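S.K.: take a look and give me a structure for this.
(4 chains)
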Protein chains: 2
Amino acid sequence: MNNKTLLMECAKELFYAKGYDAVGVQEIVERAGLTKPTLYYYFGSKIGLLKTLLETRFERYLFQVKEAAEAESDIRDTLYRLGEISCAFYEEDRQFYMLMMALLYSARENEAYQAVRPYFVELYESIVRAFEREAGRLGNMRGRQRQFAIGFLGTIHQYLFLQWETDPEENPGKISGEQISSVVDQFMYGIFT
Amino acid sequence: MNNKTLLMECAKELFYAKGYDAVGVQEIVERAGLTKPTLYYYFGSKIGLLKTLLETRFERYLFQVKEAAEAESDIRDTLYRLGEISCAFYEEDRQFYMLMMALLYSARENEAYQAVRPYFVELYESIVRAFEREAGRLGNMRGRQRQFAIGFLGTIHQYLFLQWETDPEENPGKISGEQISSVVDQFMYGIFT
DNA sequence: AGATTAATATACCGTTCGGTATACAAAAAG
DNA sequence: CTTTTTGTATACCGAACGGTATATTAATCT
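M.R.: Residues are numbered from 1 along each chain as shown, chains lettered A, B, ... in the order given. Predicted structure coming up:
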């Protein structure tokens, strides 16, 4: 692993464990066995490091989500696919997933929140569009597509958070397709009745 | 408002807006028009201020939750009552509610997280007990009471978060009993099928 | 009235913060 | 074989951090 990647990895671990604001630049470079100018050489600033981390880790997930959300398939299939992608993203690096969520729920004025926000806005908007297409076919959503998008994302996250709490550090059990189906069904029951 | 209360109010606003770590003691006392030794006189430390804030604001909510969770009524009624109490708590001070949630989702090693944790553990455990009593009557929960408790709390929060996003700053619409019912029903459908 | 306590301020402590000027080594390019 | 570029380190910056020693004012008690 090169030093740039190493710095991002160390930063991720510390940001996850202690929170973005509570971690000093000094602490990151010490964990990596490097010095501050090296970090500033690659990232320019502490927030630049976080932004690069988001870019390299979140963008692929976002791409997959957009692909699934824009597919012209049945809403249930679309939601199932979105659940699948999100679980895979969680399983790939649970620390990173939990870091994203912590940042998402942090204060609006915080610069770390402002760094993650655009990604979640994009995520959310592509899911809104999926519901809008569905409304075009069924026409009974009463303009609640935005609420459904937040609700769906929230349901998935709630499920993964529960996984996380249940299964804290040791070897995580793979989430089955059956489990994803049941989460999607539960959500759809709440929406379409 | 006395200076002690004033300091807590200013701290709450700042913690909500910028996050616990990002707010300096200096900033809090400046907003209150006071000086640092006054804050240290009342609270001993920055974390002491947060703890006092939690004590004075969270404890009443927690008491109501315990009362409702321990009532010997039907599980649906219990959950409805819990939903009602939580919505009231949210409506009483939405900033404080969102601050609690941000702290709950923040990093485990963070001292602010460790300050809120005991309250949420208690909250969660009293709800677990409610499900356990229900299992004693129905006997079909397969030891998933803890999951149901997190799931229920998560569902309520998801709903309130959605309210918050929909209705950001202006005069908030009161949440109706009908809305609470539908959230509880949605949750119960997911559980008891 | 005098003594005591509660509440607040001035001015400072050492530490850590994010960030940088400068130098130097290694590697790539000419 | 120079020259340039890339990567890394030493040593430092001013500002802000959480916290405190001490003094002073205002209220309470005896």
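
S.K.: pull the number of nearby residues for A:Gly136.
M.R.: A:Gly136: 9 surrounding residues under other Cβ atoms under 10 Å in any protein chain shown. From N, CA and C alone the C-beta is placed, and that goes for glycine too.

S.K.: any idea how far chain B is from it?
M.R.: For A:Gly136, the distance to chain B (Cβ to the nearest Cβ, to the nearest Å) stands at 22 Å.

S.K.: what's the helix or strand for that residue?
M.R.: helix A:111-138 (DSSP states H and E).

S.K.: which elements pack onto that helix?
M.R.: Under the contact criterion of 3 or more Cβ pairs under 8 Å, 6 or more residues apart in numbering or on different chains; DSSP states H and E, helix A:111-138 touches helix A:46-70, helix A:75-92, helix A:94-104, helix A:145-166.

S.K.: counting neighbours, what do you get for the residue nearest to A:Phe43 when sequence neighbours are not counted?
M.R.: Leaving aside its chain neighbours, A:Phe43 sits nearest to A:Leu49 (4.0 Å; criterion: Cβ to Cβ, 6 or more residues apart in numbering or on different chains). Using other Cβ under 10 Å, the number of residues around A:Leu49 comes to 23.

S.K.: am I right that A:Leu49 is in contact with A:Tyr40?
M.R.: No. In this structure, A:Leu49 is not within contact of A:Tyr40 by Cβ atoms under 8 Å, at 9.3 Å.

S.K.: hang on, the earlier thing: what about the helix holding A:Gly136 and DNA strand C, touching?
M.R.: No. Against DNA strand C, helix A:111-138 shows no contacts by Cβ under 7 Å from any atom of the strand, the least distance being 9.4 Å.

S.K.: okay, now A:Leu99: neighbour count?
M.R.: A:Leu99, neighbours per other Cβ under 10 Å, totals 27.

S.K.: which residues does the closest residue to it other than its chain neighbours contact?
M.R.: The shortest distance from A:Leu99 to any non-neighbouring residue, by Cβ to Cβ, 6+ apart, is to A:Tyr16 (4.4 Å). Each residue near A:Tyr16 by Cβ atoms under 8 Å, 6 or more residues apart in numbering or on different chains is listed here: A:Gln95, A:Phe96, A:Met98, A:Leu99, A:Ala102, B:Ala107.

S.K.: pLDDT at the residue nearest to A:Phe43, what is it?
M.R.: Model confidence at A:Leu49, given as pLDDT, is 98.

S.K.: where does pLDDT dip in chain A?
M.R.: Across chain A, the ranges flagged by pLDDT under 70 are A:168-171, A:193.

S.K.: point out the residues in it that sit beside chain B.
M.R.: A:15-19, A:21-22, A:101-102, A:104-110, A:146-147, A:150-151, A:154-155, A:158, A:161-162, A:165-166, A:182, A:186, A:189-190 (Cβ under 8 Å from any Cβ of the partner chain).

S.K.: quick one: buried ones out of the residues you listed?
M.R.: A:15-16, A:18-19, A:21-22, A:101-102, A:104-107, A:110, A:146-147, A:150-151, A:154-155, A:158, A:161-162, A:186, A:190 (16 or more other Cβ atoms under 10 Å in any protein chain shown).

S.K.: since that was my last question, I'll sign off now.
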